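**Student:** following is a predicted model, sequence given first.
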Amino acid sequence: MGPDDFRELVDLVEARSTNLSSACHGPEHWKCVAFVGVGIAQECGHDTLVPLLFGLFHDAMRMNDHFDPGHGPRAGELVLELAGTGGLSLAEPALADLFEACKVHTRADPTERLPLGICLDADRVNLWRVSIRPQPRYLSTRQNWTTDWIELARPLHGTIDSWDEVYEAYAAASRPLHPEGDK
Ligand SMILES: [Fe+2]
Ligand SMILES: [Fe+2]
C-alpha cells in the first residue's frame, strides 16, 4: 500500500470513527498499535500490512472508553464496508485476516496463528496507557521478539506525532535488506 493510499484510508477511517476524541482509545492509541505491530511483524518474519491496518481500524468504532464488547465486531464490519466501497484495497487472505483480528481482538486467547497473534500483541503491549502492566502470559509472539516490545511500548503513548511516522516504519520494514545491486 503506497503512502497516498494509506493517507486516504486514514482519512476515511477517521471520518467513520465513533471515538476520535478518546484519549486512551483514539488515534494516539491506534498509531502506537500500528507502529508496534509493524515492528513485531518484522521480527516474526511476517507481512507487515495487516498489523499496520489493524492499528488503524481496531478501536475506531468504540462507543465509549469503558464496557463496549461490540467494538471489535463493528471494526470488522468497517473493514468490510470500506473494502466493498473501494476505500480499502486489500487482497485475500489479508482482508480476512484483518477482519478477524479486528472482530476478536477484545476476547481472543494467545495464538500461534499469524498475523492474528501479532495484532493481539501489538494492542496488549500498549496497555500501559490505562495503567495496566502487560502480562507475558497473554502474549502470542514473544518467542520471536528481538526487541522488548513491552518495555518499548511503556512510554510510547502520545509520542508518535503523525501517521507519516508510522507509515515510514512500515515502509522501512517492507524494504528488502539487500536491494538489487547491493551485494
Ligand atoms: Fe479494542
Ligand atoms: Fe486497542
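**Tutor:** Ah, there it is. Ligands and ions are numbered 1, 2, ... in the order given.
**Student:** from here on, just use CA atoms for contacts and neighbour counts.
**Tutor:** OK.
**Student:** closest to the centroid, which residue in the protein?
**Tutor:** residue 55 (2.3 Å; Cα atoms, centre = their mean).
**Student:** for the longest helix seen in the chain, give the mean pLDDT please.
**Tutor:** Counting by DSSP state H, the longest helix found in the chain is helix 27-43. Mean pLDDT, computed over helix 27-43, is 98.
**Student:** neighbouring contacts of it?
**Tutor:** For helix 27-43, the external contacting residues (Cα atoms under 8 Å, 6 or more residues apart in numbering) are 20, 23, 47-49, 51-59, 115, 118-119, 121-123, 126, 144-146, 149, 153, 156-158, 160, 162-163, 166, 169-170, 173.
**Student:** show me where this structure dips below the pLDDT cut-off.
**Tutor:** 177-183 (pLDDT under 70).
**Student:** again, only using 50
**Tutor:** 183 (pLDDT under 50).
**Student:** quick one, helices of the chain?
**Tutor:** 3-16, 27-43, 49-57, 71-85, 94-104, 116-124, 149-153, 163-174.
**Student:** possible to save those as CSV with distance to residue 134?
**Tutor:** Listed next are the helices of the chain as CSV, based on distance: least, Cα to Cα, whole Å:
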stretch, distance to residue 134
helix 3-16, 27
helix 27-43, 14
helix 49-57, 17
helix 71-85, 20
helix 94-104, 18
helix 116-124, 6
helix 149-153, 7
helix 163-174, 22
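**Student:** those helices: which one's closest to residue 137?
**Tutor:** Residue 137 lies closest to helix 116-124 among the helices of the chain, at 10.8 Å (Cα to Cα).
**Student:** can I get the closest one in CSV? Just the C-alpha atoms.
**Tutor:** What follows is helix 116-124, C-alpha atoms only, in CSV (Å, rounded to 0.1, in the frame of the first residue of the first chain):
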residue,chain,number,x,y,z
LEU,A,116,-3.7,-12.7,14.5
GLY,A,117,-1.1,-13.1,17.3
ILE,A,118,0.9,-10.2,16.1
CYS,A,119,-2.2,-7.9,16.1
LEU,A,120,-3.2,-9.0,19.6
ASP,A,121,0.2,-8.5,21.0
ALA,A,122,0.5,-5.0,19.5
ASP,A,123,-2.6,-4.0,21.3
ARG,A,124,-1.8,-5.7,24.5
